[in-house]
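Peer 1: model this:
(one chain, ligands or ions: 1)
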Amino acid sequence: YRMNVTPIRTRDGENIGVVTLLQDVTKLKEVDQIKSDFVSTVSHEFRTPLTSIGMGVGLLLDETPGSINRDQKELLEVIQEDSERLKNLVSDLLDLSRIESGKIQMDMEVHHIKDMAESAVKPFHMIAKDKKIDIQINIREELSTVKADYNKISLVLTNLIGNALKYTPADGTGKIEISARETANKMLISVSDNGKGIPEDYQQKIFEKFIQVKDDNGETPGGTGLGLAISKEIIHAHGGEIWVKSQPDEGSIFYFTLNLGR
Ligand code: ADP
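Peer 2: Numbering: from 1, shown residues only. Alright, predicted model coming up:
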């Protein structure tokens, strides 16, 4: 049952009673379960044919020089890119439904957040250099440890850093900073950028599946719109919170909390 209690107050603010609403959510839970099983089965069944499409096209592109003309080659390249995109989408959906259903166990160990930040930044050095964006890790060596699944939190950091890079201009002024500090028995980790920022009415919604901010031409960016939804599930599974503060045209700071490792 879901319970909703609303106080009844007089105009002077005096409490004179409550309205209690009890709602049977068994059916809702069942529907949720069916939906999540469906997504997980479909994603799984999509993977094999997608892999063989990708491989087949790859072979055609590699092994038949001269036997296909330029238009055909271009078409094959479009198919290759699209099947790659679809494969990423399917794999994100599968990750998300597994985490949501609690089927993925978090492998909780004691770690230094600095190690995770460094491993998350590594794959982005080339892109950062290309886009002339400065990435800094601002985490003191002697900071406390956290209790976390190393790979999952590295993935969250990868998602946040990847987004920061994607939505920050390549004009030489771009700056991304990863910081951590201890507050009230928790570790507070942040990833900030000075990119395009996020409109106020989107700042909560972007953590839901498939929500992407449209640009001035009404276009949504590339990507699956699942990165932040996956990150939110991972952080919640750790008992933490994740949120964003952002100012359009000035930048964004994503925050999340983790439990301390001691
Ligand atoms: P994706 O990046 O694949 O679209 P995400 O779930 O990671 O999906 O992000 C959802 C949306 O939130 C993005 O499409 C973008 O509109 C917005 N967003 C996320 N991070 C940033 C950021 N650092 N700066 C500006 N917008 C962002």
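Peer 1: Near the ligand, which residues of the stretch 51-200 of the chain are found?
Peer 2: The stretch 51-200 of the chain has residues N159, N163, A164, Y167, D193, G195, K196, G197, I198 near the ligand, with proximity defined as Cβ under 6 Å from any ligand atom. In short, each C-beta sits where N, CA and C put it, glycine included.
Peer 1: Now tabulate those in CSV and tack on secondary structure and neighbour count.
Peer 2: Output for these, formatted as CSV (DSSP: H, G, I helix; E, B strand; the rest coil; neighbours: other Cβ atoms under 10 Å):
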residue, secondary structure, neighbour count
N159, helix, 20
N163, helix, 23
A164, helix, 27
Y167, coil, 17
D193, strand, 26
G195, coil, 23
K196, coil, 18
G197, coil, 20
I198, coil, 21
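Peer 1: in the longest helix along the chain, what's buried?
Peer 2: The helix that spans the most residues within the chain, counting by DSSP state H, is helix 26-63. Under the neighbour-count criterion of 16 or more other Cβ atoms under 10 Å, helix 26-63 has S36, V39, S40, S43, F46, L50, I53, G54, V57, L60, L61 buried.
Peer 1: go on, stretch 129-149?
Peer 2: Neighbour-count burial for stretch 129-149 [16+ other Cβ under 10 Å]: K131, I133, I135, I139, S144, T145, V146, K147, A148, D149.
Peer 1: Surely the third one is in a strand?
Peer 2: Think I135. Yes - membership of I135 in a strand is supported by DSSP: H, G, I helix; E, B strand; the rest coil.
Peer 1: Next up, the contacts around it.
Peer 2: V121, F124, H125, A128, I161, I176, E177, I178 (Cβ atoms under 8 Å, 6 or more residues apart in numbering).
Peer 1: ok, and the closest non-adjacent residue to it?
Peer 2: I176 (4.7 Å; Cβ to Cβ, 6 or more residues apart in numbering).
Peer 1: burial measure for the one you found, as a count.
Peer 2: 24 (other Cβ atoms under 10 Å).
Peer 1: all numbers from here: first residue = 58
Peer 2: All set: I'll call the first residue 58, so the last point we hit is now I233.
Peer 1: Now do the same contact list for it.
Peer 2: Contacts of I233 (Cβ under 8 Å, 6+ apart): A185, I190, D191, I192, Q193, I218, A221, L222, T225, V248, S249, D250.
Peer 1: ok, of the buried residues of helix 83-120, which one's closest to G159?
Peer 2: S93 (10.3 Å; Cβ to Cβ).
Peer 1: ok, the closest one to V99 distance?
Peer 2: Distance, S93 to V99, using Cβ to Cβ, to the nearest Å: 11 Å.
Peer 1: again, but for E138
Peer 2: 22 Å.
Peer 1: ok, now E71?
Peer 2: 55 Å.
Peer 1: And for S176?
Peer 2: S176 is 32 Å from V99, by Cβ to Cβ.
Peer 1: cool, and I161?
Peer 2: 18 Å.
Peer 1: ok and the residue in the stretch 58-207 of the chain nearest the ligand?
Peer 2: Relative to the ligand, the nearest point of the stretch 58-207 of the chain is D149 (8.2 Å; Cβ to the nearest ligand atom).
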